[in-house]
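> Got a sequence here, can you build the structure:
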Amino acid sequence: MGGVDKGLVMLAGRPMAEHVITRLKPQVGRLVINANRNLEAYKAMGYPVITDTVGGHLGPLAGFLAAMRATRDPYILTAACDAPLIAADLSARLWRMLEREEAELAVAHDGDYLQPLFALISVSLADSVEHYLETGGRKIDRWYNTHRMATVDFSDVAESFANINSPEQRAEIESLLASDS
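Residues are numbered from 1 along each chain as shown. Presented below is the predicted three-dimensional model:
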């Protein structure tokens, strides 16, 4: 979408990130937003905003690290800002499988693909992700595969991972949001 800040793209009258917040807030005790630009716009959403703790805009793993360093909780729940249809039970399903498999992290799978931005991750892995980034690592799935990972089946709600990368996808998701109302 032309390098725009997708979290601030308007969708059904609200910034896309607000739709994500609406879906996540009932699932978590605390919510923070990781952003590296347009900080005031994100702060206006009413939640703490954290920036990456490592420089160079290194991608989602840098955001994960920032969240791990900012929290006192034992786990972080991650989600993409351009996927406004997040499952209402994302956190609960990830947690159940993480516990059952005694894993360090649990990651959503839509039936076809791993959805690496939708994960529950132990904060104890902060040093590991920091080292991975410092040594040039950027691929989330490669880092995940170095830890005890539980894969969680969300094929029954695969549409909850639909993200917006084009005006056509935006129109499609707006119609889905309208039918949810």
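
> Quick check: beta-bridge partners of the residue nearest to Lys43 when sequence neighbours are not counted?
In space, not counting the residues next to it along the chain, Lys43 is nearest to Val49; the distance is 5.1 Å by C-beta to C-beta, 6 or more residues apart in numbering. Just so you know, the C-beta spots here come from the backbone N, C-alpha and C atoms, and that holds for glycine as well. Partner residues in beta bridges with Val49, using DSSP bridges, are Ile33.

> How many neighbouring residues does Arg14 have?
The number of residues packed near Arg14 is 14, by other C-beta atoms under 10 Å.

> Check what contacts the top helix by length along the chain and list those residues.
Secondary structure assigned by DSSP state H gives helix 167-180 as the longest helix of the chain. Under the contact criterion C-beta atoms under 8 Å, 6 or more residues apart in numbering, helix 167-180 has outside partners Met1, Val9, Leu11, Ala12, His19, Pro84, Leu85, Glu159, Ala162, Asn163, Ile164.

> let's see it at 6 Å
Ala12, Ile164 (C-beta atoms under 6 Å, 6 or more residues apart in numbering).

> can you give me the offset of the worst-scoring helix or strand of the chain on mean pLDDT from its chain's centre?
Least confident helix or strand of the chain, by mean pLDDT, DSSP states H and E, is helix 167-180 with a mean of 83. Taking C-alpha atoms, centre = their mean, to the nearest Å, one finds the center of helix 167-180 at 20 Å from the center of the full chain.

> cool, and stretch 26-40?
Here the centre of stretch 26-40 is set off from its chain's centre by 10 Å, with C-alpha atoms, centre = their mean.

> ok, and for it, which residues are buried?
Within stretch 26-40, the residues that qualify as buried are Gln27, Val32, Ile33, Asn34, Ala35, Asn36, Asn38, counting by 16 or more other C-beta atoms under 10 Å.

> Surely the second one touches Gly46?
No. With the criterion set as C-beta atoms under 6 Å, Val32 and Gly46 do not qualify as a contacting pair; they are 11.3 Å apart.
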